[in-house]
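Undergrad: Here's my sequence, what's the structure:
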Amino acid sequence: MKILVINCGSSSLKYQVLDMENESLLAKGLVERIGMEGSVINHTKTGLDKITMEVPMKDHKDAIAQVLAAIQNPGYGVLANMSELGAVGHRVVHAGEKYAESVLITEAVIKALEECVELAPLHNPPNLLGIAACRELMPDTPMVAVFDTAFHQTMPPESYISAIPYEYYEKYRIRRYGFHGTSHKYVAQKAAYLMGRPMEELKLITCHLGNGASVTAIKYGKVIDTSMGFTPLEGLVMGTRSGDIDPAIVTYIREKENLPQGAVNNILNKKSGVLGVSGVSSDFRDLEAAVEEGNERAELALRMFAHRVKHYIGAYIAEMNGVDGIIFTAGVGENDIGMREIICADMENLGIKIDPLKNKVRGKDTIISPEYAKVTLMLIPTNEELMIARDTNEIVSAL
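TA: Next comes the predicted model:
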């Protein structure tokens, strides 16, 4: 079965076409500036150079139409016609408590996702626009929603309930939801394969470390805790997000700076993290360059990031009463050799030891711990699109 994976943003759209016979990538692309002047589609058929086309696209329906035209183009497409497309898998950020796994999209599912818009006002609306456009242009093609939050729905109440008046959970469903679930699920499954054991027998800690970052504890195949909370702001220090702070800081800053409603939220989401501490950048490569030039705040920002990751790893080892494998993934996790070394340093008493030679690798499935180490450390590039395609294939094949 050939599957189209769609990831819609407010003014952009990423897509891939995969052949699930052998899970091969046939084509991928990015549509940018939807609804704006200068909208473009960047399309790459596997084995060929990228093609960039400037095409007017007033909305997501136009964008999807351009994607369908590109993947059927005689010169650089991968489908002879739309009958070759078996299904469409949509990335959806938030399903609240409504879905604990991927689902076939129906009118009832769309209604449920609309009810979750207030939980993800920046992400769910464009996700829904993409679904609506695809259903209009491909009314006979099965579609599946794959949720960032679903994998975390196995957490027990003591992990996801906030210690505020319980009525706010009952009225507004304020709780820990967790994000990056598709990535955490993919790398956990791959880790189990590399270790040669079923995921249901393993205690794993997955570290999705990028500009947005989260750590998840997976015990015997089920998530028991994760660092992101009601929103992606909680948890680790990130590129521009503060992560965990004393909640009183919010009102304190607002009063001291005489800020309007919502201003501190913007500061914590977009002006904090390693950017706020360093004053240099949210890009870890820029920070490392600044450190080489002697920038002490850039060095502090990197140490803070590593410290918080180490903090969560230790906490999750305690929660699970041990760990069999720790996985590093996403931009920083996959490519930052030095950061992995800093995070894993001085943890020998927990059975964690990194092999400096094995660790000198980027973007490749690799075990980076010595053979004798109690805990298996792994670098596994994430592939959320493949995970979405797998879930879509499994659901549609059963129809």
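
Undergrad: Now find how far off-centre the one helix or strand Ala289 maps to is within its chain.
TA: Counting by DSSP states H and E, the element that carries Ala289 is helix 284-292. Its chain's C-alpha centre and that of helix 284-292 lie 24 Å apart, by CA atoms, centre = their mean, to the nearest Å.

Undergrad: Likewise for stretch 222-240?
TA: Distance, centroid of stretch 222-240 to centroid of chain: 11 Å (CA atoms, centre = their mean).

Undergrad: same question, stretch 357-373
TA: Between the centre of stretch 357-373 and the centre of its chain there are 23 Å (CA atoms, centre = their mean).

Undergrad: circling back: contact partners of the helix holding Ala289?
TA: With CB atoms under 8 Å, 6 or more residues apart in numbering as the contact definition, helix 284-292 has outside contacts at 239, 274, 278, 280-281, 298-299, 301-302, 305, 331-332, 336, 338-339. From N, CA and C alone the C-beta is placed, and that goes for glycine too.

Undergrad: Quick one: mean pLDDT for that helix?
TA: Averaging pLDDT along helix 284-292 gives 94.

Undergrad: before we move on, the earlier item: could I have the ChimeraX command that selects the buried members from the contacts of helix 284-292?
TA: Buried residues among these (16 or more other CB atoms under 10 Å), as a ChimeraX selection:
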select :239,274,278,280,281,298,299,301,302,305,331,332,336,339
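
Undergrad: What about the contacts of helix 284-292, which are in helices?
TA: Among these, the residues falling in helices (DSSP state H) are Val274, Ser278, Ala298, Glu299, Ala301, Leu302, Phe305, Gly331, Val332, Gly338, Met339.

Undergrad: Spatially nearest residue to the residue most central in space within the chain, not counting backbone neighbours?
TA: Nearest residue to the geometric centre of the chain (CA atoms, centre = their mean): His180, 3.2 Å. Closest residue to His180 apart from its sequence neighbours, by CB to CB, 6 or more residues apart in numbering: His208 at 4.5 Å.

Undergrad: how about the one you found, secondary structure?
TA: strand (DSSP: H, G, I helix; E, B strand; the rest coil).

Undergrad: repeat for Val144
TA: Following three-state DSSP, the label given to Val144 is strand.

Undergrad: residues touching it, list them.
TA: By CB under 8 Å, 6+ apart, the contact list for Val144 reads 87-90, 102-105, 388, 391-392, 395-396.

Undergrad: ok, which stretches of the chain are strands?
TA: Secondary structure of the chain, counting by DSSP state E: strands at 2-8, 12-19, 24-32, 40-45, 51-54, 85-92, 103-104, 143-147, 203-209, 213-219, 222-226, 325-329, 366-367, 376-379.

Undergrad: Look at Glu293 and say how many residues are nearby.
TA: 8 (other CB atoms under 10 Å).

Undergrad: give me phi/psi at it?
TA: Glu293 adopts backbone torsions of phi -90, psi 0, taken as degrees, to the nearest 10.

Undergrad: isn't Tyr169 right up against Ile161?
TA: Yes. Contact criterion CB atoms under 8 Å: Tyr169 and Ile161 qualify, at 6.2 Å.

Undergrad: Common neighbours of those two, please.
TA: Arg175.

Undergrad: what's near enough to touch the closest residue to Lys50 other than its chain neighbours?
TA: Ranked by CB to CB, 6+ apart and with sequence neighbours excluded, the top spatial neighbour of Lys50 is Thr44, at 4.5 Å. By CB under 8 Å, 6+ apart, the contact list for Thr44 reads Ala27, Lys28, Gly29, Lys50, Ile51.

Undergrad: Give the burial count for the first one, as a bare number.
TA: Just to be clear, that refers to Ala27. 23.

Undergrad: again with Gly279
TA: Quick note: Gly279 (other CB under 10 Å) scores 12 neighbours.

Undergrad: Ala306 versus that one, what's the distance?
TA: Gly279 sits 19 Å away from Ala306, going by CB to CB, to the nearest Å.

Undergrad: Equivalent analysis for Gln66, please.
TA: 42 Å.

Undergrad: swap in Gly212?
TA: 17 Å.

Undergrad: Could you do Met339 as well?
TA: According to CB to CB, Met339 and Ala306 sit 6 Å apart.

Undergrad: again with Ile205
TA: Relative to Ala306, Ile205 is positioned 15 Å away (CB to CB).

Undergrad: Asp148 now?
TA: 25 Å.

Undergrad: which of the two has more neighbours?
TA: Comparing Asp148 with Ala306 by other CB under 10 Å, the one with more neighbours is Asp148, at 25 against 22.

Undergrad: pLDDT value on Gly86, please?
TA: You'll see Gly86 listed with a pLDDT of 94.

Undergrad: ugh, wrong one, I meant Pro126
TA: 85.

Undergrad: now do Lys353
TA: Looking at Lys353, its pLDDT reads 97.

Undergrad: OK, contacts around the closest residue to it other than its chain neighbours?
TA: Excluding its sequence neighbours, the residue lying closest to Lys353 (CB to CB, 6+ apart) is Ala373, at 4.4 Å. The contact partners of Ala373, by CB under 8 Å, 6+ apart, come to Gly351, Ile352, Lys353, Asp355.
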